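*Asks:* fold the stuff below for me.
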Amino acid sequence: MAVAAFTWRHNRLAVLDQRLLPRQIKYTLCRTHQDVAEVIRNMSVRGAPAIGCVAAYGMALAARNSQPLKRAADLLKAARPTAVNLAWAVDRMLKVPPSKFLEEARRITREDLAVNKAMARHGARLFRKNSVVLTHCNTGALATAGVGTALGVIGEAFKQGKVKKVFVDETRPYLQGARLTAWELVQMRIPHELITDNMAAHFMNTEKVSAVIVGCDRVAANGDTANKIGTYGLAVLAKYHGVPFYVAMPTSTLDLKIKSGKDIPIEERSSDEVVNWRGIQIAPKQTKARHPAFDVTPARLITAIVTEHGVVKPQDLKKWIIRKP
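*Replies:* Numbering: from 1, shown residues only. Have a look, this model is predicted:
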């Protein structure tokens with residue numbers, strides 16, 4: 001991808017404002033950790049791995065600006081509560097001396113890129129030639145340090161001649177699929193068709209869908225997975241239609257402290273993001289909307305989880321991952 005989700009420039013963090021895509025490419029320059037917390041909170045940057053990387057640079061800015069590090073860490077971690085990579089990256093930064101913060105942030109970014117490349121290689125083995133793949137939300141380079149998680153797997157499988165077409169859920173209400181995933185697939189020259197979220201069952205029933213693959217924001221020890229709202233329903237549909245349902249998970253997204261999905265905190269965002277679109281009111285002014293940003297897919301609906309170490313069954317995740325380096 002020629003366009004990066006974030007980049008460190010001249011001792012400042014430049015963050016791509018993904019709210020403006022695909023119409024405009026514009027970067028926000030973050031000079032303080034408060035600026036970083038805001039671009040995370042307002043979803044200029046999104047995707048669990050990217051949020052973690054950006055938060056790490058936020059801590060580097062806090063140290064550079066001689067800010068209280070515990071306070072900076074708390075502010076950054078509160079920006080979005082569901083994606084565990086955020087807290088994971090901030091806590092990791094606090095384990096090194098402040099003088100090493102920038103070096104550590106860069107290390108986290110390099111590691112994420114390497115992890116994504118490894119997941120792509122492992123995940124591509126799950127697909128056969130001429131596969132039709134359905135995906136939800138955005139899990140590409142825009143959501144990570146590069147390559148992507150689920151979309152990275154799709155990209156690698158396409159390079160190997162295994163993917164014929166991708167169905168892209170538009171992903172209401174923020175339209176990450178329509179605005180971001182479709183845009184990335186155009187850049188990669190991968191054939192795709194955009195569908196509204198409520199079309200998935202129809203196409204599973206009337207056309208051959210070989211597999212569904214999605215990313216994740218937090219995975220519990222038992223394999224229950226939190227991801228963008230709508231993922232749970234998609235997993236139910238896949239189960240009914242006999243379609244394999246895969247989750248791409250960097251191990252930094254696994255939260256062994258949480259036993260099951262019922263304990264994963266679910267971020268509830270503003271009603272305005274549902275009843276308005278780019279300043280246009282699409283529902284009566286008196287109408288209030290619910291807006292959970294994520295839902296939880298039970299492990300029993302997940303066929304397999306793709307990690308940087310290989311592919312694992314959800315029920316084996318905890319004991320399998322503990323044995324990995």
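
*Asks:* give the buried residues for the helix or strand G155 falls within.
*Replies:* When elements are assigned from DSSP states H and E, G155 belongs to helix 150-159. Within helix 150-159, the residues that count as buried by 16 or more other C-beta atoms under 10 Å are 150-158. Using the backbone N, CA and C atoms, a C-beta is placed for each residue, glycine as well.

*Asks:* so, low pLDDT: which residues of this structure?
*Replies:* Low-confidence segments of the chain (pLDDT under 70): 1, 322-325.

*Asks:* got the domain boundaries for it?
*Replies:* Domain assignment for the chain, taken from automatic domain parsing, gives 6-114, 121-322.

*Asks:* which strand runs longest in this protein?
*Replies:* strand 163-169 (DSSP state E).

*Asks:* what lines up beside that strand in the sheet?
*Replies:* strand 131-135 (parallel), strand 192-195 (parallel) (DSSP bridges).

*Asks:* rewinding a little: now tabulate the buried residues of helix 150-159 in CSV and tack on distance to P22.
*Replies:* Output for the buried residues of helix 150-159, formatted as CSV (distance: C-beta to C-beta, whole Å):
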residue, distance to P22
A150, 19
L151, 15
G152, 19
V153, 22
I154, 18
G155, 18
E156, 23
A157, 24
F158, 20
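
*Asks:* which of those sits closest to D17?
*Replies:* L151 (19.8 Å; C-beta to C-beta).

*Asks:* what sits closest to that closest one if chain neighbours are left out?
*Replies:* Ranked by C-beta to C-beta, 6 or more residues apart in numbering and with sequence neighbours excluded, the top spatial neighbour of L151 is G140, at 3.6 Å.

*Asks:* got the contact list for that neighbour?
*Replies:* 1, 147-148, 151-152, 155, 180-181, 184 (C-beta atoms under 8 Å, 6 or more residues apart in numbering).

*Asks:* give me that answer again for 7 Å
*Replies:* The contact partners of G140, by C-beta atoms under 7 Å, 6 or more residues apart in numbering, come to 148, 151-152, 181, 184.

*Asks:* looking at the strands paired with strand 163-169, which one is packed in the most?
*Replies:* Stretch with highest mean neighbour count among these: strand 131-135 (a mean of 24; mean count of other C-beta atoms under 10 Å).

*Asks:* who touches that one?
*Replies:* 150-151, 154, 157, 162-169, 181, 200, 208-214.

*Asks:* rewinding a little: what's downstream of the longest strand of the chain, the next helix or strand?
*Replies:* Beyond strand 163-169 toward the C-terminal end (DSSP H and E), the next one is helix 176.

*Asks:* just to revisit the earlier point, now distance to A114 too, for the strands paired with strand 163-169, in CSV please.
*Replies:* CSV is the format used below for those (distance: least, C-beta to C-beta, whole Å):
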stretch, distance to A114
strand 131-135, 22
strand 192-195, 27
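
*Asks:* residues in contact with stretch 233-253?
*Replies:* So stretch 233-253 is contacted by 48-49, 52, 84-85, 88, 115, 119, 123, 126, 136, 139, 149-150, 153, 200-201, 204-205, 209, 211-219, 225, 297, 301-308, 321 (C-beta under 7 Å, 6+ apart).

*Asks:* where do the strands sit along the stretch 201-325 of the chain?
*Replies:* Assigned by DSSP state E, counting those that start in this stretch, the strands in the stretch 201-325 of the chain fall at 211-214, 218-220, 225-228, 245-248, 254-255, 276-277, 280-281, 294-297, 304-307, 310-312.
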